[in-house]
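**Student:** just need the structure, nothing else, for what follows:
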Amino acid sequence: MVGLKERLEQDLKEAMRAKDTLRVSVIRLLSALIKNREVEKRGKLSETEILQAVAASCKLRREAIEEYRRVGREDLATKEEAELRILEGYLPPPLSPEELRRKVEEAVIRVGASSLKDMGRVMATLMPEIAGRADGRFVSELVKEVLSRA
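**Tutor:** Modelled structure (predicted):
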């Protein structure tokens, strides 16, 4: 199985051959982000950590799209959307709401959480498992909801 980092290298070469400047730019930025995180960590990133970097990059693009639209810069929002589509191609398919709820409930049981005070432990267990497959804010709300019923 080819790792995500190797896939990025292959895709970069293909994009360069095809003279796809947008794709080249996005992959280079993502590769630089991964490299910077490896320097900070002082070691190689795991596949989960690489997925978290891709997800963080997607989140930045979504926020930029909202901001550009708010100030009437549709041209820049369109460019960010194109970059976002490229980045999303490196993420696993998103979890359905039912799958996500099941994973949250399993994490609550695994951690032995009984109240909202345990939210940090649940999130710490859950987030690496679902990296890049669900929005962190939505996961947080779902964990709060499940824990408030516990």
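
**Student:** can you pull out the helices in the protein?
**Tutor:** Counting by DSSP state H, the segments of the chain that form helices are 4-17, 21-41, 47-70, 74-88, 97-111, 119-129, 136-149.

**Student:** orientation of the last one relative to helix 97-111 in degrees?
**Tutor:** Counting by axes from the mean of the first three to the mean of the last three C-alpha atoms, to 10 degrees, helix 136-149 points 60 degrees away from the direction of helix 97-111.

**Student:** who does helix 136-149 touch, helix- and strand-wise?
**Tutor:** Packed against helix 136-149 by the contact rule (3 or more C-beta pairs under 8 Å, 6 or more residues apart in numbering; DSSP states H and E) you find helix 97-111, helix 119-129. (Each C-beta comes from the backbone N, C-alpha and C, glycine too.)

**Student:** cool, the second one as well?
**Tutor:** Where contact means 3+ C-beta pairs under 8 Å, 6+ apart, helix 21-41 is packed against helix 4-17, helix 47-70, helix 74-88.

**Student:** tell me the pLDDT of the residue nearest to residue 9 when sequence neighbours are not counted.
**Tutor:** Spatial nearest neighbour of residue 9, excluding adjacent residues (C-beta to C-beta, 6 or more residues apart in numbering): residue 31 at 7.8 Å. Looking at residue 31, its pLDDT is 95.

**Student:** tell me the spacing between residue 31 and residue 46.
**Tutor:** Using C-beta to C-beta, to the nearest Å, we find residue 31 at a distance of 16 Å from residue 46.

**Student:** between those two, which has more neighbouring residues?
**Tutor:** Taking other C-beta atoms under 10 Å, residue 31 and residue 46 do not tie; residue 31 has more neighbours (16 against 13).

**Student:** hmm, the more buried one is touching residue 8, no?
**Tutor:** Yes: taking C-beta atoms under 8 Å as the definition, residue 31 is a contact partner of residue 8 at 5.7 Å.

**Student:** which residue is nearest the centroid of the chain?
**Tutor:** residue 55 (1.6 Å; C-alpha atoms, centre = their mean).

**Student:** appreciated, that's everything.
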